[in-house]
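Visitor: here is the input, now give the coordinates:
(chains A, B and C)
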Amino acid sequence: MVSFKDLPEEELFLAGSTACQGCPSSLALRIAFKALGSNTILIVVASCTSVLQGSYPLSAIDLPLMNVAFATGGASASGVVAGIKALAKRGELEEEPTVLVWAGDGGTYDIGIQSLSGAAERGTDFIYVCYNNEMYSNTGTQRSGATPLGAWTTTTPGGKAQHRKDIAQIMIAHRIPYVATVSLAYPLDFYQKMQKAKSIKGTKYIEMLAPCPPGWKFPSSQMIEVSRMAVQSGMWLLYEHEDGETRFTGATKRMIEGKVKKKPVKDYLEIQGRFRQILASPEGQEAEDMLESEVSESIRRLQGWVPEYI
Amino acid sequence: MKLLETGNHLIALAANVAGVEVVPAYPITPQTQIIEMVADLIARGDMDAEYIPVESEHSACAALVSASLTGARAFSATSAHGLAYMHEMLHYSAGIRVPVVMANVNRALGPGWNIWCDHQDSISQRDTGWLQVYVASHQEAVDTVIQAYRITEDHSVLLPLMLNLDAFVLSHTYMDADMPSREEVSKYLPPYRPLWKLDPKKPVTHGSVVYPVDFSETRESMQIGQDNARRVAARAAEEFREMFGRWHGAMVDGYLLDDAEFLIVAMGSLAAESRVAVDALRSEGKAAGLLRVRFFRPFPIDELRELCAGRQGLMVIDRDFSYGMEGALFTEVKGALYGYADPPAANLIVGIGGRDVTYELIADHAKRAMAGELAEVTWGDSHVTRAHEITREVLREFEDLMD
Amino acid sequence: MSHDEDSVGYMTSVSRPVKGCAGNTGEWRIFRPVKDDEKCNNCLLCWVFCPEASITKDTLEIDYQYCKGCGICEVECPTGAIVMVKEEKR
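Guide: Have a look, this model is predicted:
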């Protein structure tokens, strides 16, 4: 078992960045870099992370880093991996670096899905991390394909009317060797999944729920607590998919096995400001029920639920 | 080695002898033969490169940039809508300063859908920061691919280069061309040595956020690169002539310029056709000459000022149009000459969407221009056909529905 | 066309990694985490959860030059060894 003591002391995410207080992406970068080490090439898709790393001519990230256009995470990885192969053929590399793409939900669910899908279909050997804060946080909290039903954003002033996509399932459908979901409340689980991803050849997709304090309207000190509550309520399910099989992991596994009781979705919704409006409205109960059904449907699907019409 | 091949195949073979290591590309008519040939060369073991079968042109250009920034020599090819789809990434690639080369097979943009030649696609990308060359023959296409990396990879340039060749007229016709060997080319073109790259041994951030206080200099620097490319391209062409004995011009190429009283200015295969027109005009005793613009970016400002001064007239041929204005090359030529030379100038718009252009048509319009009888802007081959009449009938039927 | 040819390579958006790229971000703080060493059981949770890499692993010291005062360490500390205290007016 890995313990906190085993995490490397070296920080490749440098203190004094431009990130907001309690930013989930900066914490996730820290942990991801500890898992992958310094022989890593980082591709940052346009997102908060393009900005929280600091600005010209200084940077908070001590890795070779390329900030790429919004829709190009997957394709940029394919280019870097091909470039690495070319350098390796020339004998210019002692050890081939790991290629890591870091993208938000906008760059993954919406504008970047084609590029990501293409890279996955091509089997590009890289790790794609989506830090999902369920909205366009960088531009001031607009709705995305990852925004959950009922959530307020600046472009869903009455609460979002549609469910979020299940993009991890879309990635599993690409038959890539490794798909995993992670939470910042369980950093060792995240660390180990990143290390596992590094050890596997091919396209690896890892998605993390990234509760955004200003976007979701909760105090920065609660960032880990909100992450934890998302898992405990089933609104964020921890699992990994490997060799054609899906396994629940960590806190979600304990919940599914009945070792800990699932908390109501309402407990999760109530600790954030973005659901306050819908909960107080006449549609509040319906939205809550629909989210509870979404959770049970997701669990059933992950357990191998097959719809009747097949 | 002498080859009899299509322009497209020659481009692919030239990329191979130029030591290209990564080729991300997406198929589009009329470019497809280029990437088919690349895939085939790699499959046969005759090309040691990574082919990335991307899912779109936007991704092709993204992968082109990132492969280059990793330190590899990268090449791609596209056309028309593919180039338009890359637009964001064209700006990106020039902005992050990668010395990539891309062939663009010049094709019209739809709708109406048209796979044939004009220059609207690349002219529309004028301000992206890419160097743009227009070739007029198969051999020039081959030699320009090789020269292109000498130009782009020069540390005083570091800007991407778009090699434009006319759809079908050059891309699909078979012509013989001399293809130097990889060994011969390697004496002319050293391996790519990037000034900066993605390297774990030297971790830096590329493409940072740049605030207004620092941004303008990064853009002026692109213009410095463009300006430096004039000198670097001229030297690359000179040294190429010394090693391989072939010359296609540097920024411009000329034909019978010395004693010409009247100049035709054109790009691409229409310039080759204009050469025949010049011969026809000369046989009638008219002192015409041809100025072929090879580099549209950087634009040959000095060459035009020098070569157009003292002439009695110009006719600029555009296979493109800047809507609301005139042919793009016409505007650029006049802009370069402003305050330096002011021969009467007329603009001939022909060959749009693959319309065949004969040397007779060019010569006839040149004669009218010489006589001062050609309008400032003339769509030289426009005429209403039976097809257009049918459209008018359909539109009238719509009008009837409104009554 | 009278540009300095040598300057071209040095005007691209390349940035150098440094600590404190946004300056002394400790100045952003409204509340300061104060650690009681007697209550601390060295579990490392505060080090792991610090989004700003402002706690050292070996001594669990808080780097006030960069700590933005998000307060996660106070909430997550299992022994109550970290308390957020209002910053004095600077």
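
Visitor: and the residue in chain C that chain B sits nearest to, what is it in contact with?
Guide: Of all residues in chain C, C:Met11 sits closest to chain B, at 3.3 Å by Cβ to the nearest Cβ. Where C-beta positions appear, they are placed from N, C-alpha and C, glycine not excepted. Listed by Cβ atoms under 8 Å, 6 or more residues apart in numbering or on different chains, the contact partners of C:Met11 are B:217-218, B:220-221, B:224.

Visitor: go on, B:Pro344?
Guide: If you count contacts by Cβ under 8 Å, 6+ apart, then B:Pro344 has B:312-314, B:369, B:372 around it.

Visitor: can you do 10 Å?
Guide: B:Pro344 makes contacts with B:262, B:311-315, B:369-370, B:372, B:374, B:376, as judged by Cβ atoms under 10 Å, 6 or more residues apart in numbering or on different chains.

Visitor: if any of the residues you listed are buried, put those into a PyMOL selection.
Guide: With 16 or more other Cβ atoms under 10 Å in any protein chain shown as the criterion, this PyMOL line picks the buried residues out of those:
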select buried, chain B and resi 262+311+313+314+315+369+370+374
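
Visitor: rewinding a little: the residue of chain C closest to chain B - nearest residue in space that isn't next to it in sequence?
Guide: B:Ser221 (3.3 Å; Cβ to Cβ, 6 or more residues apart in numbering or on different chains).

Visitor: packing partners of the host helix or strand of that neighbour?
Guide: Per DSSP states H and E, B:Ser221 falls inside helix B:212-244. With contacts taken as 3 or more Cβ pairs under 10 Å, 6 or more residues apart in numbering or on different chains; DSSP states H and E, helix B:212-244 sits against helix B:87-95, strand B:131-134, helix B:138-152, helix B:182-188, strand B:295-297, helix B:301-308.

Visitor: so can I have JSON lines of these showing distance to A:Gly250 and mean neighbour count?
Guide: Shown next, in JSON lines, are the helices and strands packed on helix B:212-244 (distance: least, Cβ to Cβ, whole Å; neighbours: other Cβ atoms under 10 Å in any protein chain shown):
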{"stretch": "helix B:87-95", "distance to A:Gly250": "39", "mean neighbour count": "21"}
{"stretch": "strand B:131-134", "distance to A:Gly250": "54", "mean neighbour count": "27"}
{"stretch": "helix B:138-152", "distance to A:Gly250": "50", "mean neighbour count": "25"}
{"stretch": "helix B:182-188", "distance to A:Gly250": "55", "mean neighbour count": "14"}
{"stretch": "strand B:295-297", "distance to A:Gly250": "56", "mean neighbour count": "23"}
{"stretch": "helix B:301-308", "distance to A:Gly250": "66", "mean neighbour count": "18"}
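
Visitor: can you lay out the ones you listed as CSV showing mean pLDDT?
Guide: Formatted as CSV, those follow (pLDDT from 0 to 100):
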stretch, mean pLDDT
helix B:87-95, 98
strand B:131-134, 98
helix B:138-152, 98
helix B:182-188, 98
strand B:295-297, 98
helix B:301-308, 98
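
Visitor: A:Ala86 - that's part of a helix, no?
Guide: Yes - under DSSP: H, G, I helix; E, B strand; the rest coil, A:Ala86 sits within a helix.

Visitor: I'd like the distance between it and chain C.
Guide: For A:Ala86, the distance to chain C equals 22 Å [Cβ to the nearest Cβ, to the nearest Å].

Visitor: ok, that residue - contacts?
Guide: Under the criterion of Cβ under 10 Å, 6+ apart, the neighbours of A:Ala86 are A:92-93, B:20-22, B:48-50, B:67, B:70-74, B:192.

Visitor: low pLDDT regions in chain C?
Guide: Under the criterion pLDDT under 70, the flagged ranges of chain C are C:1-10, C:89-90.

Visitor: ok, the stretch 201-350 of chain B next?
Guide: The stretch 201-350 of chain B contains no residues with pLDDT under 70.

Visitor: show me which residues of it sit near chain C.
Guide: B:203-210, B:214-228, B:230-232, B:298, B:301-302 (Cβ under 10 Å from any Cβ of the partner chain).

Visitor: now do 7 Å
Guide: The stretch 201-350 of chain B comes close to chain C at residues B:203-208, B:210, B:217-218, B:221, B:224-225, B:227-228, as judged by Cβ under 7 Å from any Cβ of the partner chain.

Visitor: list of residues touching the host helix or strand of B:Ala280?
Guide: Per DSSP H and E, B:Ala280 falls inside helix B:269-283. Residues outside helix B:269-283 that contact it (Cβ atoms under 7 Å, 6 or more residues apart in numbering or on different chains) are B:136-137, B:166, B:169-170, B:255-256, B:264, B:266, B:288-290, B:292, B:317, B:319, B:351, B:357, B:359, B:362-363, B:366.

Visitor: quick check: mean pLDDT across stretch A:135-152?
Guide: The average pLDDT for stretch A:135-152 rounds to 97.

Visitor: what's next to stretch B:331-338, contact-wise?
Guide: Applying Cβ under 7 Å, 6+ apart, the contact partners of stretch B:331-338 are B:265, B:299, B:301, B:304-305, B:308, B:316, B:322, B:325, B:345.

Visitor: any idea which of the residues of the stretch 201-350 of chain B next to chain C is closest to chain C?
Guide: Comparing those against chain C with Cβ to the nearest Cβ places B:Ser221 closest, at 3.3 Å.

Visitor: one step back: just the ones of the contacts of helix B:269-283 in strands?
Guide: Residues of the contacts of helix B:269-283 located in strands (DSSP state E): B:166, B:255, B:264, B:266, B:288-290, B:292, B:317.

Visitor: where do the helices sit along the chain?
Guide: Just going to use chain A. A:24-36, A:48-52, A:73-89, A:113-122, A:167-172, A:187-199, A:213-216, A:223-232, A:250-256, A:265-269, A:276-280, A:284-302 (DSSP state H).

Visitor: other chain: chain C
Guide: Using DSSP H, the helices of chain C run over C:45-49, C:72-76.
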